[in-house]
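sequence unknown, structure follows:
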């Protein structure tokens, strides 16, 4: 699809679905570099977020002469889900998200006409920050700089004893087949 579904955007981008190695379709958007571009920004959203939430932010980035690439993470926005219930987010492991980000950067960002000469920056929020930290660790040397806002690196659950008990409860719940269920107390 060419064009953009984003309201109030001055510049038209390209929205595409990228099929990952495992067959999951990831919704992406790009505004490729121009001769005046200062760099390339890759935006990675948080849990239960989607690209349109960042429309104003995207406009500001583009108005400052940066190329921009973004994706709805698997299980988020208009990307494919791993469960039949679209309201449930699910992933077996967070490793899949950093692999998705690598595949997105390799197949889309690095094909930008100026990717080899412009710096590439990561910007992320919450779960996106966690994904980017993993990506920076697993795939070093590609990104020039990263800005991670409130990266999800841990939960303050009230101390080590409570955390140990909760981890045990989570392992037990997964063991008895509740991995695809909502977390305790969570509502759709």
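Ah, there it is. Note that the structure is a prediction, hence the values are computed from the model and not measured.

next one, pLDDT for the residue of the chain most remote from its centre please.
For the chain, the largest distance from the centre (Cα atoms, centre = their mean) belongs to residue 161, which lies 31.8 Å off. With respect to pLDDT, residue 161 scores 86.

quick one: it from residue 154, how far?
Distance of residue 161 to residue 154, given as Cβ to Cβ, to the nearest Å: 16 Å. Every residue, glycine included, has its C-beta placed from N, CA and C.

what does residue 66 give?
For residue 66 relative to residue 154 (Cβ to Cβ), the value is 31 Å.

same deal with residue 44?
Distance of residue 44 to residue 154, computed by Cβ to Cβ: 18 Å.

of the two, give the one with the bigger neighbour count.
residue 44 (29 against 8; other Cβ atoms under 10 Å).

so that one sits against residue 130, correct?
No: here residue 44 does not reach residue 130: they are 9.3 Å apart, not a contact under Cβ atoms under 8 Å.

joint contacts of the two?
Both residue 44 and residue 130 lack any common contact, where contact means Cβ atoms under 8 Å, 6 or more residues apart in numbering.

what is the three-state secondary structure of residue 69?
Three-state assignment for residue 69 (DSSP: H, G, I helix; E, B strand; the rest coil): strand.

swap in residue 46?
Residue 46 falls in the coil class when you classify it by three-state DSSP.

repeat for residue 29
Assigned with three-state DSSP, residue 29 falls in the strand class.

next one: the residue nearest to the spatial centre of the chain from residue 134, what distance?
In the chain, the residue lying closest to the centroid (Cα atoms, centre = their mean) is residue 44, at 3.6 Å. Distance of residue 44 to residue 134, computed by Cβ to Cβ: 11 Å.

what's the answer for residue 78, then?
23 Å.

residues contacting the residue lying closest to the residue nearest to the centre of the chain once chain neighbours are set aside?
Once flanking residues are discounted, residue 44 sits nearest to residue 128: 3.5 Å by Cβ to Cβ, 6 or more residues apart in numbering. Residues counted as contacts of residue 128 (Cβ under 8 Å, 6+ apart) are 43, 44, 45, 46, 49, 73, 148, 151.
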